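[1] coordinates for the following, if possible.
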Amino acid sequence: MEVHKVSLGTCEGLQVVAIEGDMTSESDEAIMSLFSSVKESSPKSPLIFDFSKTTYINSAGIATLINVIQEMKDLGGNVSFTGLSNHFLKVMDIVGISDFVDIYDTIPLAIKAHSKKN
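    Sure thing, here's the model as predicted:
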């Protein structure tokens, strides 16, 4: 039974990866597949991960995020997170991911911040 859904969309020209349900090793393949298409189409464009419908993340999910963040950095792009619950914010702080991504409450706030950078 699939307990996750990963989708890629755009919002005002920026790529948004939405993760629903659990982010575990089971979602790794779907995330990396979507990320591969992002790298081909717009590697230097900001990539936004929306966690507003994510219910659980484990070490495998965190490892996937670290891989994406590192690859985006190597390509000259950056990653932003939106929709993190207080628990997820603590997890990202504890594992140190929050030092390498921009974190916003909502997708519109992330888009507004990115438009000011350009």
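[2] partner residues bridging the residue nearest the centre of the chain?
    In the chain, the centroid-proximal residue (CA atoms, centre = their mean) is Phe49; its distance is 2.7 Å. Here Phe49 sits in beta bridges with Val17, Phe81, as judged by DSSP bridges.
[3] so where's the protein uncertain?
    Of all residues in the chain, those with pLDDT under 70 make up the ranges 1-2, 118.
[4] quick revisit: my guess is the residue nearest to the centre of the chain meets Thr64, correct?
    No - taking contact to mean CB atoms under 8 Å, the distance of 10.4 Å between Phe49 and Thr64 leaves them out of contact. Placement of C-beta: from N, CA and C, glycine included.
[5] what sits against Ile111?
    Residues near Ile111 by CB atoms under 8 Å, 6 or more residues apart in numbering: 11-12, 14, 48.
[6] try it again with 7 Å
    11-12, 14 (CB atoms under 7 Å, 6 or more residues apart in numbering).
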